[in-house]
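Enquirer: quick one, fold the following:
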Amino acid sequence: MTAKQDAPRLSDLMPWSVAPLRLGRSWVRAPDRATLRARWAALVAAEDAAERERLFRPSRARTLHSAVGQLPGQATPTGRLYRASGPCPEPVRILHGPFDQQWLLPDHRLIDGARPELWRVADARQLFAVEWGQVPQLSGPALTCSALLPDGRSPGGRPGRIRPLYRRPGGREPNVAPGLLALLSRRLDRPVAPTDLLAWLAASAHHSPDGCAVPLTTDPDLWDRGVALGARLLWLTTRGAYVHGADGGQAGDRPRMPGGRRPYVRSALPDRGLPEALGYAPEEEALLVGGGRISPVPPGAWDVHAGGVRVLSAWYAERTGAGAEPPEAGSLAALRADGWPQEWTSELLELITVLALLAELRPQCEELRQRTGDAPQMTAGELRAAGILPAPVSAHRPASVLDHHEEGPEGQFALL
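Expert: Predicted coordinates for the structure are as follows:
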C-alpha cells in the first residue's frame, strides 16, 4: 500500500459515532409543524384504548405503557401515553437525510431509538458530521455537516453514521483522536482548531472501498486553501448558521445567489392542493412544480444527488408523497398537509440556492483532492507510529455529561 492509498478514515479521526435515529413510526416526523400538531391531537383525542393503540402503532421498543424519561433538553411530559392529554410537544427542527430540514416531535415516548447521547450534546456550538455510504454508479457526498441534529436517514436506504464535533455541550472536548490536533499544528506550523479540521474534512473527504477517506496534507498553503473552501461548504450546508471564525461559530447570513442568478417564482405554485409532478426544463433552467415555475435553476442544482436519489426530487416527494406507497387510510401518517404552504416555497428557493452554490464549488473540491494527492500527506501509518491511532477505547464512547438535568419516567429525576 502506497502512502497515497494509506489515508486515514473518518472513523479514525472522529472516533465517537452514533447510529441514525430509529423513529419506529413515521408519523412523528413531518415537513411542517401543523401536521405534527394535528397528528398529536388525533392521538390524544382517541379515548378508546384500542383506537389509541392502533393510531400509535406500538413496537417492541415503545408501547402506550412504556416508561421513559425526557430527551435531554426537551421539556416534554413523561407520563405514560395511554393516559396522555394536553397540548402537542413543541416540534423541533432536524435534518432529514443530507439536505432536507423537517420537524420532529421530540418526545421520548414516541421514538424507538432517539439516541439521547446526541440530544445531550446538541446546542448552539455543536456541529454534526454525517458519513454516508457510497451508492454504486451514483454520485453523492461522502460527508455532509449540519448545525441541526441530523436523523442520519438516507432516501436511498443507506443510513449514515453521525459524528458530533464536540463530545460535551458548550463546544468542549473535541471528538477528535487525542493528540491529532497538536500533531497537525506542529506539522503545519499553525494552530489547528477543531473547526479547522472539520472544514478540511468537508472539502477533502471522499468515498473509498472501506469507508470515508480523509487525506491529510502536510503542505501549509494547501491546508489553508482547503480549510477556506471547507468553511464555505460548512456555511452552505448549515444554511448560514455556521461562520468559520465567528465567536461560537454561529452568526451568519443565509445563503443567497447574486442578483440576476437568484431563483424566483415565475408562475405561482398552487395555493390549494399539492402539485401533481416535479420536472425540469434544462433549456430554460426552470423547475416545474405542477403548474408553478421557478427559475433560474442551474443544471448543477438539479443534478445534485445524495443518498442514491436526486435531492430536489426527494425533497418534493417528502411533501407530496410522490412515488411512495400511500399510508394506511385512517392512520396518523395519512394526516398530512392538503395544500402547499408558503413556507415550503421559501424552503425550496433556499434549497435550490444551496445546491447551486455547492455545485459551483465542486470543481474546486476536485482540484483540492488532486493537489492533495500529489503533495506530501500524513498517512494512517504515520499516525499509528505517533501513537495517535488507534484512538483509545474511551474516545469511541460518549462522554459523561454530569451537569445536564433530565427528568425520568413519571416525573422522577434521572441519574446520569
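Enquirer: for the one residue sitting closest to the centre of the chain, which non-adjacent residue is closest in space?
Expert: By C-alpha atoms, centre = their mean, the mean C-alpha position of the chain lies nearest to Pro150, the distance being 3.5 Å. The shortest distance from Pro150 to any non-neighbouring residue, by C-beta to C-beta, 6 or more residues apart in numbering, is to Leu95 (4.2 Å). Bear in mind the C-beta positions are built from the backbone N, C-alpha and C, glycine included.
Enquirer: hang on, the residue nearest to the centre of the chain packs against Ile94?
Expert: Yes. Applying C-beta atoms under 8 Å, one finds Pro150 in contact with Ile94, separated by 6.8 Å.
Enquirer: surely Phe46 touches Arg52?
Expert: Actually, residue 46 is Ala. It isn't Phe. Yes. At 4.0 Å, Ala46 counts as touching Arg52 under the criterion of C-beta under 8 Å.
Enquirer: which one's more surrounded, the two?
Expert: Per other C-beta atoms under 10 Å, whichever of Ala46 and Arg52 has more neighbours is Arg52, with 19 against 15.
Enquirer: tell me the SS of the more buried one?
Expert: Put simply, Arg52 is helix when judged by DSSP: H, G, I helix; E, B strand; the rest coil.
Enquirer: surely it meets Leu64?
Expert: Yes. Using C-beta under 8 Å, Arg52 is in contact with Leu64, at 6.4 Å.
Enquirer: so for stretch 297-312, what gets flagged as buried?
Expert: 297-298, 301-302, 304-312 (16 or more other C-beta atoms under 10 Å).
Enquirer: do the same with stretch 116-131
Expert: 116-122, 125-131.
Enquirer: where in the stretch 151-300 of the chain is pLDDT low?
Expert: Residue ranges of the stretch 151-300 of the chain with pLDDT under 70: 156-157, 246-252.
Enquirer: now do the strands in it.
Expert: For the stretch 151-300 of the chain, the strands defined by DSSP state E, counting those that start in this stretch cover 161-164, 166-168, 172-174, 206-208, 211-213, 216-217, 264-267, 278-281, 286-289, 292-295.
Enquirer: pull the distance from the first one to the chain's centre.
Expert: Meaning strand 161-164. The chain centroid and the centroid of strand 161-164 are separated by 9 Å, computed with C-alpha atoms, centre = their mean, to the nearest Å.
Enquirer: ok, residues contacting it?
Expert: Residues from elsewhere that reach strand 161-164, judged by C-beta atoms under 8 Å, 6 or more residues apart in numbering: 10-11, 14, 16-20, 115, 118, 121-122, 126-131, 150, 152, 175.
Enquirer: which of those fall in helices?
Expert: The helices, defined by DSSP state H, take in Leu10, Ser11, Leu118, Val121 from those.
Enquirer: now the third one: closest residue in space that isn't a chain neighbour?
Expert: Residue nearest to Leu118 in three dimensions, not counting chain neighbours: Val18, with 5.4 Å by C-beta to C-beta, 6+ apart.
Enquirer: relative to Pro341, how far out is that neighbour?
Expert: Between Val18 and Pro341 the computed distance is 32 Å (C-beta to C-beta, to the nearest Å).
Enquirer: cool, and Arg57?
Expert: In terms of C-beta to C-beta, Arg57 sits 26 Å off from Pro341.
Enquirer: same question, Gln74
Expert: Plainly put, Gln74 is 25 Å away from Pro341 if you go by C-beta to C-beta.
Enquirer: with Phe128 instead?
Expert: From Phe128 to Pro341 the distance is 27 Å (C-beta to C-beta).
Enquirer: mind listing what's buried in the one helix or strand Ala34 maps to?
Expert: Per DSSP states H and E: Ala34 is located in helix 33-45. Of all the residues in helix 33-45, those buried under the rule 16+ other C-beta under 10 Å are Arg33, Thr35, Leu36, Arg37, Ala38, Arg39, Trp40, Ala42, Leu43, Val44.
Enquirer: I'd like those as CSV, with pLDDT and distance to Pro398 appended.
Expert: Output for these, formatted as CSV (pLDDT from 0 to 100; distance: C-beta to C-beta, whole Å):
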residue, pLDDT, distance to Pro398
Arg33, 97, 30
Thr35, 97, 32
Leu36, 98, 28
Arg37, 98, 32
Ala38, 98, 35
Arg39, 98, 31
Trp40, 98, 30
Ala42, 98, 36
Leu43, 98, 31
Val44, 97, 33
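Enquirer: Leu104: which of those residues is nearest?
Expert: Distance to Leu104 across these (C-beta to C-beta) is lowest for Leu36, with 7.9 Å.
Enquirer: hang on, the closest one packs against Val92?
Expert: No. Leu36 is beyond contact range of Val92, at 10.1 Å (criterion: C-beta under 8 Å).
Enquirer: before I go, just wanted to say thanks for your time.
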